[in-house]
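Colleague: Based on what follows, work out the 3D shape:
(2 chains)
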Amino acid sequence: KAGVTQTPRYLIKTRGQQVTLSCSPISGHRSVSWYQQTPGQGLQFLFEYFSETQRNKGNFPGRFSGRQFSNSRSEMNVSTLELGDSALYLCASSLPGSYGYTFGSGTRLTVV
Amino acid sequence: GESVGLHLPTLSVQEGDNSIINCAYSNSASDYFIWYKQESGKGPQFIIDIRSNMDKRQGQRVTVLLNKTVKHLSLQIAATQPGDSAVYFCAENEQGAQKLVFGQGTRLTINP
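Modeller: Numbering: from 1, shown residues only, chains lettered A, B, ... in the order given. I've put the predicted structure just below:
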């Protein structure tokens, strides 16, 4: 079966712009989580969604937001981009009640 | 606070030898632990997991050991192969929270 699909794979944006990243989970997976990966901070949890509701949120500023649709697909948005937002953004999905997350290949965001 | 750390940022072993990657965690409320492997340009790939009610779990060529007394987790890879070269992350999940806390990672290099 298809894995977690993230689009786009690469993105270059200018400071001050906003960006939307998309994630399609594995079929049947209703929990979707987002992580930011940088060389300095490693992998950090952004937020988790289940049945269109955000259940958990990490320590990121309000410029980072997300949502989940009724088909479990999820998007995350970053507004007023800063250079420090350059990172690999990873999406992971899991079955209800499971911690067995499957990750996508990520979206590499570069802010210039 | 919550943190999961790895003892060594890099580890170099000879092909065919066994590798041991260590990880320390600090959240005693964590009840689920996972090891991920990340290759260049890809998202983290699930290797093996263990629940807090277990001390040891074996997979194909991999074994995870959990010592709750000292809050230590280790991943043993038997007969390492060139394809094992990657960055390995441990992650913990606090009971009831759909949120993974990752360690900083260990880069495993296999020498021919």
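
Colleague: what ranges do the strands span in chain B?
Modeller: Counting by DSSP state E, chain B has strands at residues B:4-6, B:10-14, B:19-25, B:30-38, B:45-51, B:56-58, B:62-67, B:72-77, B:86-94, B:100-102, B:106-111.

Colleague: Could you list the residues in contact with the fourth one?
Modeller: The set of residues external to strand B:30-38 that reach it, using Cβ atoms under 8 Å, 6 or more residues apart in numbering or on different chains, is A:99-101, A:103, B:21, B:25, B:44-53, B:62, B:64, B:66, B:73, B:75, B:84, B:86-95, B:100-102, B:105. From N, CA and C alone the C-beta is placed, and that goes for glycine too.

Colleague: quick one: the residue nearest the centre of chain A from chain B, how far?
Modeller: Geometric centre of chain A, nearest residue: residue A:34, 3.4 Å, by Cα atoms, centre = their mean. From residue A:34 across to chain B, the span is 11 Å (Cβ to the nearest Cβ, to the nearest Å).

Colleague: so where's chain B shaky on pLDDT?
Modeller: Residue ranges of chain B with pLDDT under 70: B:1-7.

Colleague: try 50 this time
Modeller: Within chain B, the stretches with pLDDT under 50 are B:1-2.

Colleague: Quick check: residues of it near chain A?
Modeller: Taking Cβ under 8 Å from any Cβ of the partner chain, the part of chain B that reaches chain A is made up of B:32, B:34, B:36, B:41-46, B:49, B:89, B:91, B:93, B:97-105.

Colleague: now the strands of chain B as a markdown table including mean neighbour count?
Modeller: A markdown table is the format used below for the strands of chain B (neighbours: other Cβ atoms under 10 Å in any protein chain shown):
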| stretch | mean neighbour count |
| --- | --- |
| strand B:4-6 | 20 |
| strand B:10-14 | 13 |
| strand B:19-25 | 20 |
| strand B:30-38 | 22 |
| strand B:45-51 | 16 |
| strand B:56-58 | 13 |
| strand B:62-67 | 18 |
| strand B:72-77 | 20 |
| strand B:86-94 | 23 |
| strand B:100-102 | 25 |
| strand B:106-111 | 17 |
